[in-house]
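>>> 3D, please:
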Amino acid sequence: MRFPVHMLTDNVQHQVKNAIRGNKRYPFVLMLEPLYTCNLACIGCAIERHTGKLKDRLPLEKCLEAVDISQAPTVSICGGEPTIYPELPQLVDEIIKRRRQIILCTNGLLLDENLYGKIAPHKRLTINVHLDGMKETHDYVCAREGVFDKAIAMIREGVKLGHHIMANTTIFKETSMDEVEELCRVLTDLGVEGMLVSPGYQYESVDSDIFLSRSEMQQKFRRVLDISKKYKLTSTPMFLEFAAGLREYNCSPWSTVTYTPNGWKGPCYLIGKTWSPTFEEFWNGTDWAYWESRQDPLCRNCAMHSGFEASVVRELPKHPGDMVRMIAWNLAA
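Next up is the predicted model:
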């Protein structure tokens, strides 16, 4: 199976529970950013995500409060670089006790120092190592030599230790799709359990001409569709078709909520128009209908999984054929 049984059942139960309550909007994923401190300053990263001070990190109790309030079945721990967060072992332990799935997003450089040997492998913990290409490309994007080699070594070590390892790749304007396919082959040979391929999104705080126009994105993701037939990509076929311009969806910005050292980020993980101290203020103060419509200029070139995979799920009951495809897709891997 592409995803473990417990992850599927957790999500189905979550959807049924919200349907019974009459909730049309509810979080699927909590993006938990405990800190804005990082050991890299990648060229495609928002400035605030790597310039924060460690002393300004979220306290452990605030992180757990966000997990409880959001009720999302999946918690993506990101940042910043989460392996720098001193309370990470306690955070992971407490989230697992709450029976939530954790996806730990990391550049991989400190896994040997701060995670392996301190946090045991667990079925509810997936380590997601970010790689934006093969050695030359990834080191360029990370603005540091040697990053690719260390990340690959940490993936190999994690698999050996029994951790669930996946990888995440961002597609930029100059990304070679042949190189993406080569990376998928390398990662598959290493034993990685899944690969997420995402289109780059231009944050307001990133001044760089590396991001994709809508037409460029569609062209590159038609190649991703071909790659998905050979390798274990975790994006659904329907989302990949959307990114390739073969179908349309409205956004579901509420499906991925983000808690940071600045508070709850609105309206979505990518766009920081507001920062709210409480979840209630964030949830009730956001014009969800407006952001769902994608009419805002900031949404023009966005096709991020964080906003649209939930839209795929919402539309499945209307399209029985897609439901069958989704089941076959999950069972095929």
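>>> quick one: the strands in the stretch 201-333 of the chain?
256-260, 263-267, 272-276 (DSSP state E, counting those that start in this stretch).
>>> got the contact list for the second one?
Counting by C-beta atoms under 8 Å, 6 or more residues apart in numbering, the neighbours of strand 263-267 from elsewhere in the structure are 253, 257-259, 272-279, 281-282, 285-288, 291. Quick note: C-beta positions are derived from backbone N, CA and C, even for glycine.
>>> how about the CA coordinates for it, as CSV?
Extracted C-alpha coordinates of strand 263-267, given in CSV (Å, rounded to 0.1, in the frame of the first residue of the first chain):
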residue,chain,number,x,y,z
GLY,A,263,0.8,32.7,15.9
TRP,A,264,-1.7,31.1,13.5
LYS,A,265,-0.9,32.1,9.9
GLY,A,266,-3.8,33.1,7.6
PRO,A,267,-5.2,32.5,5.2
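>>> That one versus strand 256-260: what angle between them?
140 degrees (axes from the mean of the first three to the mean of the last three C-alpha atoms, to 10 degrees).
>>> Please name the strands paired to strand 263-267 in the sheet, noting orientation.
Sheet pairing for strand 263-267, assigned by DSSP bridges, gives strand 256-260 (antiparallel), strand 272-276 (antiparallel).
>>> Please check the contacts of strand 263-267 and keep the buried ones.
Buried members of those, scored by 16 or more other C-beta atoms under 10 Å, are 253, 257, 258, 259, 272, 276, 279, 282, 286, 288, 291.
>>> how about a markdown table for those, with distance to residue 155 added?
Output for the buried ones among the contacts of strand 263-267, formatted as a markdown table (distance: C-beta to C-beta, whole Å):
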| residue | distance to residue 155 |
| --- | --- |
| 253 | 31 |
| 257 | 29 |
| 258 | 26 |
| 259 | 28 |
| 272 | 31 |
| 276 | 37 |
| 279 | 35 |
| 282 | 35 |
| 286 | 37 |
| 288 | 38 |
| 291 | 35 |
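>>> Considering those residues, which is situated nearest to residue 168?
Lowest distance from residue 168 to these (C-beta to C-beta) belongs to residue 258, with 16.5 Å.
>>> any idea of the pLDDT on that closest one?
With respect to pLDDT, residue 258 scores 97.
>>> what does residue 245 give?
94.
>>> so what's it up against?
214, 215, 217, 218, 221, 222 are the contacts of residue 245 under C-beta under 8 Å, 6+ apart.
>>> do residue 115 as well
Per C-beta under 8 Å, 6+ apart, neighbours of residue 115: 83, 88, 104, 106, 127.
>>> where exactly do the helices run in the chain?
Assigned by DSSP state H, the helices in the chain fall at 5-20, 60-70, 88-97, 111-114, 135-141, 147-161, 177-190, 214-228, 237-243, 279-285, 288-292, 305-315, 320-332.
>>> Give me the helices and strands touching the second one, please.
In terms of contact count using 3 or more C-beta pairs under 8 Å, 6 or more residues apart in numbering; DSSP states H and E, helix 60-70 is assigned the packing partners strand 29-32, helix 88-97, strand 256-260, helix 279-285.
>>> at 6 Å what do you get?
When contacts are defined as 3 or more C-beta pairs under 6 Å, 6 or more residues apart in numbering; DSSP states H and E, helix 60-70 packs onto helix 88-97.
>>> still on that earlier bit, indicate which one of the strands of the stretch 201-333 of the chain is closest to residue 173.
That would be, of these and by C-beta to C-beta, strand 272-276, which comes in at 23.0 Å.
>>> still on that earlier bit, looking at the buried ones among the contacts of strand 263-267, spot the one nearest residue 244.
So of the buried ones among the contacts of strand 263-267, ranked by how close each gets to residue 244 (C-beta to C-beta), first place is residue 253, at 21.4 Å.
>>> and the lowest-mean-pLDDT helix or strand in the chain, which residues are buried?
Within the chain, no helix or strand scores below helix 320-332, which has a mean of 87 by mean pLDDT, DSSP states H and E. For helix 320-332, burial by neighbour count (16+ other C-beta under 10 Å) applies to 322, 326, 329.
>>> With distance to residue 30 as added columns, please give those in TSV.
Listed next are the buried residues of helix 320-332 as TSV, based on distance: C-beta to C-beta, whole Å:
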residue	distance to residue 30
322	26
326	23
329	25
